[in-house]
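**Q** below is the sequence, then the predicted model.
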Amino acid sequence: MALAHCINCHRLFNKALKDICPDCIKKEELQYMACRDYLREHMDCTLQELHEATEVPTNLILKFIREGRISTKGAKNFEYPCAMCGKPIKVDTICSSCQDQVKRLRESGSGSAPPAAARPNSSTAFHSHIRRD
Ligand SMILES: [Zn+2]
Ligand SMILES: [Zn+2]
């Protein structure tokens, strides 16, 4: 039996399905439904408002969005950080410039990330908060 600590509450559980224990899966499911329902009724809300209304941590809300479980399509005020550079975006999980970068990486066929500073034509779009993880 594969025992593991739940990454959420650190309880020991049988790691058959996920990284979190059944209790936390249930809890996350409720949090997900709260977010989904609130967003459905408040299409003009922001990430902060959704977080305050549902008391769901923003990083969990972002996880739902990035997993594609919550759609923010049509929510015109809803912005969240790009998963790569942190720039505010409204659709997808990463911004268009990061998408370009990922695409270029795939096309070049090499698995190694080029240094962000080496990108051509990016002097104005170059932010100090680019993360390299
Ligand atoms: Zn747990
Ligand atoms: Zn980005």
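**A** That came in fine, so what should we check first? Ligands and ions are numbered 1, 2, ... in the order given.
**Q** every contact and neighbour count from this point should use C-alpha atoms.
**A** Fine.
**Q** for this structure, what lies in contact range of ligand 2?
**A** Cys82, Met84, Cys85, Cys95, Cys98 (CA under 5 Å from the ion).
**Q** now do 6 Å
**A** With CA under 6 Å from the ion as the criterion, the chain comes near ligand 2 at residues Cys82, Met84, Cys85, Gly86, Lys87, Ile94, Cys95, Ser97, Cys98.
**Q** pretty sure the third one sits in a strand.
**A** No - secondary structure of Cys85, determined by DSSP: H, G, I helix; E, B strand; the rest coil: coil, with no strand assignment.
**Q** just checking, it touches Cys98?
**A** Yes - at 7.5 Å, Cys85 and Cys98 qualify as touching, with contact defined as CA atoms under 8 Å.
**Q** of the residues of the chain next to ligand 2, which is the most crowded?
**A** Ile94 (22 neighbours; other CA atoms under 10 Å).
**Q** so, low pLDDT: which residues of this structure?
**A** Where the chain drops to pLDDT under 70, the residues are 110-133.
**Q** run through who's touching the longest helix seen in it.
**A** With DSSP state H setting the assignment, residue counts place helix 22-41 as the longest helix in the chain. Residues outside helix 22-41 that contact it (CA atoms under 8 Å, 6 or more residues apart in numbering) are Asn8, Cys9, Cys45, Leu50, Ala53, Thr54, Val56, Ile61, Phe64, Ile70, Thr72, Ala75.
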